[in-house]
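J.: Sharing a model prediction with you, sequence too.
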Amino acid sequence: MTNAEVTASLAGLSKAIRRYAKLVVRKGAAIQPGQELVIQTPVERADFARVLADEAYAAGAGHVTVLWSDEEITRMEYANMAVDYFSTVPAWKREQMNSLATGGAAFLFVDGADPQALRGIDPKKVETRSRAMREQCDVYRKGLDFGKNVWCIAGAPVTAWARTVFPDLSQDEAMLRLWEAILMAARADGPDPQSEWERHNATFEKNKRLLNQYAFDRLVYKSANGTDFELGLNQGHVWAGGAARTVDGTVFFPNMPTEEVFTSPDCLRANGVVHSVMPLVHGGQIVRDFWFRFEDGRVVDYGAKEGRDVLKSILEVDDNACMLGECALISKDTPIRQSGLLFYDTLYDENASCHLALGMGFPECLEGGLDMSRDELVAHGVNQSLTHVDFMIGADDLCITGITKSGEEVEVFVDGRWAWSVA
């Protein structure tokens with residue numbers, strides 16, 4: 001495309017981007033009249049943050065707070081400060097995040113980053129900061145984890161990310177193509193995205209209903225790439241997906257896009273080997289071609305062609321970071337997978353592939369879980385950790401068999417698709 005064509009095409013997306021912002025504010029963050037909306041965004045997307053704020057006020061938000069981030073400054077900070085610096089969250093930051101959560105704010109995270117922004121930075125520094133935020137901003141974290149505060153993650157392109165996804169295009173055309181891909185993935189490229197999401201949410205119901213009816217005792221995963229894995233499920237586990245609901249009944253979408261049906265497994269019953277099928281982008285660094293071996297729920301061995309030190313930092317966050325908190329099922333027929341794009345971003349790539357997650361489990365994925373303490377959740381098999389890291393294992397030939405408590409075997413996935421959708 002010529003520069004003039006790219007410029008015209010970007011200008012032509014402005015109405016679609018506005019509809020996307022409206023979707024994210026009203027359906028994703030589900031902003032309520034008089035409520036505070038907190039937008040966390042890269043400074044490069046200040047233009048999109050302004051559109052989000054405008055849509056939030058139009059929806060009746062009581063106030064909009066914008067928290068800015070800048071990858072270059074963040075990298076400088078990591079490069080120049082010792083690990084110990086990151087073990088303490090400044091008092092003003094703790095007060096800011098905890099008080100916003102206590103006040104009932106909704107949180108909207110604009111996801112856009114250079115996949116290798118922190119390449120060469122000690123991963124321990126990143127994990128130390130993450131752990132400190134979870135421990136010291138505890139009211140904020142519990143608000144998100146236990147259904148007290150609405151939260152939503154939605155993407156917007158930044159230059160370095162666009163150039164990574166589309167390395168053969170000019171900078172401006174890469175930005176255009178990534179905007180188009182984001183709108184497609186979020187089902188926001190049509191005239192009425194909000195109605196489209198209502199229809200999309202209805203498609204989750206069949207898979208959730210069947211999985212919850214079977215109440216499997218365990219799942220067995222097999223792929224030709226070496227994945228040979230058995231995962232136990234908790235008694236009283238619940239499969240979720242699509243819209244979520246706070247304890248006060250507010251319906252929202254935590255992820256836009258989302259294609260997954262998920263639950264929290266029994267963190268003590270994972271055995272075997274799983275192999276990744278997509279790179280993992282974590283803390284501004286990339287891990288490629290990696291695998292984990294589990295015994296009795298814990299990772300006992302692992303390897304990677306690139307980024308093994310990043311995996312090590314994840315597994316050492318706390319005692320439970322080496323156990324699983326999530327298993328998610330996603331057909332290879334979803335729009336993101338069918339697009340053939342590798343986004344180098346977990347929000348998108350996890351919705352192209354069945355995945356697992358190390359670390360924190362979901363209380364809403366256990367009957368009565370939202371009313372349980374952390375110790376009670378652990379006693380029922382729901383992992384509790386200061387981290388949650390998704391990694392993709394959904395090969396094209398992935399087969400998953402569900403085994404009931406009576407020993408009945410039921411095909412759940414055949415060659416990467418829901419068994420009940422295969423002709």
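T.: Now that the structure is in, tell me what you want to look at. Nothing here was measured: the structure is a model prediction, and the numbers come from that model.
J.: Distance-wise, check L398 relative to P167.
T.: Computed as C-beta to C-beta, to the nearest Å, the L398 to P167 distance reads 28 Å. No exception for glycine: its C-beta is placed from N, CA and C like everyone else's.
J.: out of the two, which sits in the more crowded spot?
T.: Per other C-beta atoms under 10 Å, whichever of L398 and P167 has more neighbours is L398, with 23 against 8.
J.: Check that one and give its pLDDT.
T.: Note on L398: pLDDT of 97.
J.: buried ones in stretch 416-423?
T.: 416, 418-419 (16 or more other C-beta atoms under 10 Å).
J.: I meant to write stretch 369-388 there.
T.: Buried, per 16+ other C-beta under 10 Å, within stretch 369-388: 369-370, 372, 377-378, 380-388.
J.: Looking at those residues, which are in helices?
T.: Per DSSP state H, helices hold the following members of these: 377-378.
J.: picking up where we left off before, reformat the buried residues of stretch 416-423 as TSV; add pLDDT, distance to G60 and secondary structure.
T.: Formatted as TSV, the buried residues of stretch 416-423 follow (pLDDT from 0 to 100; distance: C-beta to C-beta, whole Å; DSSP: H, G, I helix; E, B strand; the rest coil):
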residue	pLDDT	distance to G60	secondary structure
G416	95	43	coil
W418	95	39	strand
A419	94	44	helix
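J.: which one of the residues you listed sits closest to V24?
T.: Closest approach between the buried residues of stretch 416-423 and V24, by C-beta to C-beta: W418, at 27.8 Å.
J.: Am I right that the closest one is in contact with T334?
T.: No. Using C-beta atoms under 8 Å, W418 makes no contact with T334, being 10.9 Å away.
J.: Please parse the protein into its domains.
T.: The record's domain parsing of the chain by automatic domain parsing lists 3-185, 206-243+252-421.
J.: Dump those into a markdown table; add distance to H200 as well.
T.: As requested, the domains of the chain are exported to a markdown table (distance: least, C-beta to C-beta, whole Å):
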| stretch | distance to H200 |
| --- | --- |
| domain 3-185 | 10 |
| domain 206-243+252-421 | 7 |
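J.: Give me the residues contacting stretch 271-280.
T.: 221, 223, 225-230, 286-296, 307, 310, 342, 344, 346, 349, 352-353, 356, 389, 391-395 (C-beta atoms under 8 Å, 6 or more residues apart in numbering).
J.: Any idea how far apart the tips of it sit?
T.: Using C-alpha to C-alpha, to the nearest Å, one end of stretch 271-280 lies 22 Å from the other.
J.: mean confidence for it?
T.: Rounded mean pLDDT across stretch 271-280 is 96.
J.: mind listing what's buried in it?
T.: In stretch 271-280, counting by 16+ other C-beta under 10 Å, buried: 271-280.
J.: and it, how far from the chain's centre?
T.: Distance of stretch 271-280 from the chain centroid (C-alpha atoms, centre = their mean, to the nearest Å) equals 17 Å.
J.: same check, this time on stretch 241-259
T.: Using C-alpha atoms, centre = their mean, the offset of stretch 241-259 from its chain centre is 13 Å.
J.: Please enumerate residues in contact with the longest helix belonging to the chain?
T.: When the chain is parsed with DSSP H, its longest helix is helix 193-214. By C-beta under 8 Å, 6+ apart, the surrounding residues in contact with helix 193-214 are 19-20, 22-23, 26-27, 186-188, 190, 238-243, 253, 261, 263, 329, 402, 404, 410, 412, 418, 420.
J.: Would you list the buried entries among those residues?
T.: Buried, going by 16+ other C-beta under 10 Å: 19-20, 22-23, 26-27, 186-188, 238-243, 253, 261, 263, 329, 402, 410, 412, 418, out of those.
J.: does G407 count as helix, strand or coil?
T.: Secondary structure, DSSP: H, G, I helix; E, B strand; the rest coil: G407 is coil.
J.: So for R337, what's the nearest residue that isn't a sequence neighbour?
T.: A352 (4.1 Å; C-beta to C-beta, 6 or more residues apart in numbering).
J.: For burial, what's the neighbour tally of the one you found?
T.: Per other C-beta under 10 Å, the neighbour tally for A352 reads 27.
J.: what's the closest non-adjacent residue to R288?
T.: E306 (4.3 Å).
J.: quick one: the helices in the stretch 51-200 of the chain?
T.: Using DSSP state H, counting those that start in this stretch, the helices of the stretch 51-200 of the chain run over 71-80, 91-102, 123-136, 138-145, 159-165, 171-185, 193-214.
J.: actually the stretch 301-423 of the chain, not the one I typed
T.: Using DSSP H, counting those that start in this stretch, helices in the stretch 301-423 of the chain cover 308-315, 335-339, 346-349, 374-379.
J.: most packed of these?
T.: Highest mean neighbour count among the helices of the stretch 301-423 of the chain (mean count of other C-beta atoms under 10 Å): helix 346-349, with a mean of 23.
J.: That one packs against which elements?
T.: strand 151-155, strand 280-282 (3 or more C-beta pairs under 8 Å, 6 or more residues apart in numbering; DSSP states H and E).
J.: Kindly reformat these as JSON lines containing distance to S99.
T.: JSON lines is the format used below for these (distance: least, C-beta to C-beta, whole Å):
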{"stretch": "strand 151-155", "distance to S99": "16"}
{"stretch": "strand 280-282", "distance to S99": "29"}
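J.: Quick check, central residue of this protein?
T.: L347 (4.7 Å; C-alpha atoms, centre = their mean).
J.: if I pick the closest residue to that residue other than its chain neighbours, what's in contact with it?
T.: Excluding the flanking residues, the one nearest L347 by C-beta to C-beta, 6+ apart is D111, at 5.0 Å. Applying C-beta under 8 Å, 6+ apart, we find D111 in contact with 153-156, 345, 347.
J.: now do I39
T.: I39 touches 49, 52-53, 56, 64-67, 108, 110, counting by C-beta under 8 Å, 6+ apart.
J.: between the one helix or strand it maps to and helix 91-102, what angle do the directions make?
T.: Using DSSP states H and E, the element containing I39 is strand 36-42. On the basis of axes from the mean of the first three to the mean of the last three C-alpha atoms, to 10 degrees, strand 36-42 is oriented at 130 degrees to helix 91-102.
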